[in-house]
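Trainee: Below is the sequence, then the predicted model.
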Amino acid sequence: MAWASQIIKVVIVAVVMDTVFGCIRAIKEREFNSCFGIDGAIRKISMLVSVAFLLILDRIVGLNLIGFIPAAARAYLPANHIGVAEFFALLYIAYEVVSILKNMTLCGLPVKRLWQVIRDGLKKYTSELPDNKDEVAPK
């Protein structure tokens, strides 16, 4: 359970960081965005509530989803058991990190190259990120 509490803390930190950078971006652009507004708040609260619910489910069912984590990534995890809550928490962290980097780039912070590498990697696996409206064009 110690691993679960640590990963939940990381999810909370990622949500807070994304909200902060989303607010800074909204101030800079003088308009609401997906991180700062009702849609962003609903998404972030839903992530936290679902992780809390999944922690309860893990206590009842006790599934181990470590097999769904790529072998290369497992070497970095400090656990041999990944419950449903931890599994979704890892996905939420990945989602929030991408959003944080996008917001940092759009705020003008010097992470543009890192964002471009991640964005290009994402294009191999999904067509959903980044959205065209928030695309950071290379200069």
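Mentor: Nice, thanks for sending it over.

Trainee: Give the buried residues for the helix or strand hosting A89.
Mentor: For A89, the host element (DSSP states H and E) is helix 84-106. Within helix 84-106, the residues that qualify as buried are 84-90, 92-93, 95-96, 98-106, counting by 16 or more other Cβ atoms under 10 Å. The C-beta positions use only the backbone N, C-alpha and C, and glycine is treated the same way.

Trainee: And the next helix or strand past the longest helix seen in the chain?
Mentor: Counting residues, the longest helix found in the chain (DSSP state H) is helix 2-29. Next helix or strand after helix 2-29 toward the C-terminus (DSSP H and E): helix 38-61.

Trainee: helix or strand right after that following helix?
Mentor: Helix 38-61 is succeeded, C-terminally, by helix 71-74 (DSSP H and E).

Trainee: what is the rounded mean pLDDT of that next one?
Mentor: If you average the pLDDT over helix 71-74, you get 77.

Trainee: So what touches it?
Mentor: I66 (Cβ atoms under 8 Å, 6 or more residues apart in numbering).

Trainee: Using PDB, write out every CA atom in that helix.
Mentor: Taking C-alpha atoms only, helix 71-74 is exported to PDB below (Å, rounded to 0.1, in the frame of the first residue of the first chain):
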ATOM      1  CA  ALA A  71       9.000  -4.900 -19.500                       C
ATOM      2  CA  ALA A  72      11.400  -2.000 -20.100                       C
ATOM      3  CA  ALA A  73       9.300   0.200 -17.900                       C
ATOM      4  CA  ARG A  74       8.900  -2.400 -15.100                       C
END
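
Trainee: What residues of the longest helix of the chain count as buried?
Mentor: Neighbour-count burial for helix 2-29 flags 4, 7-8, 11, 14-15, 17-19, 21-26 (criterion: 16+ other Cβ under 10 Å).
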